[in-house]
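K.L.:
here is a sequence together with a model predicted from it:
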Amino acid sequence: EVQLVQSGAEVKKPGESLKISCKGSGYSFTSYWIGWVRQMPGKGLEWMGIIYPGDSDLRYSPSFQGQVTISADKSISTAYLQWSSLKASDSAMYYCARRLAATEYFDYWGQGTLITVSS
Amino acid sequence: DIQMTQSPSSVSASVGDRVTITCRASQGISSWLAWYQQKPGKAPKLLIYTASSLQSGVPSRFSGSGSGTDFTLTISSLQPEDFATYYCQQANSFPLTFGGGTKVEIK
């Protein structure tokens, strides 16, 4: 069974750093792109970027380029999303999702990681 | 960036009703469009991809159509478990973009 399991909710202060994770199982982790999607409270979905764990090839949305870093460790089938200095506006639910092979659609999703940034 | 505009933003319907949701792209995207369903507190679920292909396990009451700039998602007979928010997503070019969502509510 394909599963993406994300790390737990976080409460952080502005200016702090953070790295959240997404662990894949039940499929060949290095053969499928993993994307990250933001959902701010009560709002819609925003695509942040995508990584191919096989060779760490990356694409960022211009809206998020320079604001976050996407990475992956194929040895432990885990993708990451990290911030070096959080802002209150980073408070949101973040989902990882597996890209359906040879398409740009997402067929399996993680359960989401809620990030709250507040002083 | 390609802008995706959904309408209506919300719709009230009864069990058994036929519901149609529209998604318009700001430029032509061929058939590179997906529809997702999201229930409160849950991750989105892929329903339809490449405009009209039903994802495995999705009930046949869901269907998609369209190409170019105009697309529709139709639920032929609304069931209680279909009350949710629906999003379209273009897959034609980076950055991938989603519509603003359509909330299907109980009448």
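P.N.:
Alright, I've got the coordinates.
K.L.:
where's the residue most central in space within chain A relative to A:A72, distance?
P.N.:
Note on chain A: the residue nearest the mean C-alpha position is A:W36, at 3.6 Å, using CA atoms, centre = their mean. Distance of A:W36 to A:A72, computed by CB to CB, to the nearest Å: 11 Å. Yep, even glycine has a C-beta here, placed from its N, CA and C like the rest.
K.L.:
same deal with B:Q90?
P.N.:
Using CB to CB, one obtains 25 Å as the distance from B:Q90 to A:A72.
K.L.:
let me see the ranges of the strands in the chain.
P.N.:
Answering for chain A, as no chain was given. The residue ranges that make up the strands of chain A, judged by DSSP state E, are A:3-6, A:10-12, A:18-25, A:34-39, A:45-52, A:57-60, A:69-73, A:78-83, A:92-99, A:106-109, A:113-117.
K.L.:
if you could check chain B rather than the one you did, that'd help
P.N.:
For chain B, strands defined by DSSP E occupy the ranges B:4-7, B:10-13, B:19-25, B:33-38, B:45-49, B:53-54, B:62-67, B:70-75, B:85-90, B:97-98, B:102-106.
K.L.:
give me the residues contacting stretch B:77-85.
P.N.:
Judged by CB atoms under 8 Å, 6 or more residues apart in numbering or on different chains, the contacts made with stretch B:77-85 from elsewhere in the structure are B:13-19, B:37-39, B:59, B:61, B:75, B:101-106.
K.L.:
and the residues you listed, which of them are buried?
P.N.:
The neighbour count (16 or more other CB atoms under 10 Å in any protein chain shown) marks B:13, B:19, B:37-38, B:75, B:101-102, B:104 as buried among these.
K.L.:
what is the nearest of the residues you listed to A:Y105?
P.N.:
When the buried ones among the contacts of stretch B:77-85 are ranked by distance to A:Y105 (CB to CB), B:Q37 comes first, at 13.5 Å.
K.L.:
residues from chain B in reach of chain A?
P.N.:
B:1, B:32, B:34, B:36, B:38, B:43-46, B:49-50, B:55, B:87, B:89, B:91, B:94-101 (CB under 8 Å from any CB of the partner chain).
K.L.:
so is stretch A:111-119 next to chain B?
P.N.:
Yes - using CB under 8 Å from any CB as the criterion, contacts between stretch A:111-119 and chain B involve A:111-112.
K.L.:
name the residues of that stretch that are buried.
P.N.:
For stretch A:111-119, a neighbour-count test (16+ other CB under 10 Å) marks A:111-115, A:117 as buried.
K.L.:
OK, contacts around the closest residue to A:I50 other than its chain neighbours?
P.N.:
Nearest in space to A:I50, with sequence neighbours left out and distances taken as CB to CB, 6 or more residues apart in numbering or on different chains, is A:G35 at 4.1 Å. A:G35 sits next to A:47-51, A:96-99, A:106, B:96 when contact means CB under 8 Å, 6+ apart.
K.L.:
now find how far off-centre stretch A:84-97 is within its chain.
P.N.:
Once both centres are worked out by CA atoms, centre = their mean, to the nearest Å, stretch A:84-97 turns out to sit 9 Å from its chain's centre.
K.L.:
could you tell me the end-to-end distance of it?
P.N.:
Between the opening and closing residues of stretch A:84-97 we find a distance of 22 Å, counting by CA to CA, to the nearest Å.
K.L.:
what residues of that stretch count as buried?
P.N.:
Along stretch A:84-97, these residues count as buried under the neighbour rule (16+ other CB under 10 Å): A:86, A:90-97.
K.L.:
what pairs with A:F106 across the strands?
P.N.:
When bridges are taken as DSSP bridges, the partners of A:F106 come out as A:R99.
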